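S.K.: Give me the fold of what follows.
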Amino acid sequence: MSSQSVDYSSTDGSEGFYDAVSADNAPSEVEVGDLVENCYKGDVRGTYPAQTTIQTARIINEQPTKAELTESEVIREALSRQSSEQTLAIKSVTYNDGQNTWTIILKDIFEGDEYTHDILDE
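M.R.: Below is the predicted model:
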């Protein structure tokens, strides 16, 4: 799912639309919270979320120099604090070096509610 929303309200659409793709053939090493760059194979079906098959995937692990945790680990922790019934977009992930914490902002894409989680980097 994209972390950036698109505003379609000028054409009677949603003002906070998040592009999302559900894909078959994901590599087994991909975990919830990973940032993944994908190349798709074949057609992309125009449903929501879009549906397709992954041809290749590259996991992009990001970890600030002084941080103990990776972004993926922090995202999984924040998501574990939410209801599994929600469909959430990750609006931002920020490492606060001076405070040794992470701040994650999640948005429920259907209800519009935002949730902020501060997670200690340990």
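S.K.: what packs against the helix or strand bottoming out on mean pLDDT in the chain?
M.R.: Lowest on mean pLDDT, DSSP states H and E among the helices and strands of the chain sits strand 21-24, with a mean of 87. Using 3 or more C-beta pairs under 8 Å, 6 or more residues apart in numbering; DSSP states H and E as the contact test, the elements touching strand 21-24 are strand 35-45, strand 50-60. Using the backbone N, CA and C atoms, a C-beta is placed for each residue, glycine as well.
S.K.: how far out from the middle of the chain is that strand?
M.R.: Relative to its chain's centre, strand 21-24 lies at 14 Å (C-alpha atoms, centre = their mean, to the nearest Å).
S.K.: In the sheet, which strands lie alongside that strand, parallel or antiparallel?
M.R.: strand 50-60 (parallel) (DSSP bridges).
S.K.: Show me what the helix or strand following the strand it pairs with is in contact with.
M.R.: Under the assignment DSSP states H and E, the closest C-terminal helix or strand after strand 50-60 is helix 71-80. Under the criterion C-beta atoms under 8 Å, 6 or more residues apart in numbering, residues 31-35, 61-63, 88, 90, 93, 102, 104, 106, 115, 117, 119, 121 lie in contact with helix 71-80.
S.K.: Likewise for stretch 107-122?
M.R.: 1, 5, 16, 18, 67-69, 74, 77-78, 81-82, 86-89, 91, 95, 100-106.
S.K.: Among these, which ones are in strands?
M.R.: Counting by DSSP state E, these place Leu88, Ala89, Lys91, Tyr95, Thr101, Trp102, Thr103, Ile104, Ile105, Leu106 in strands.
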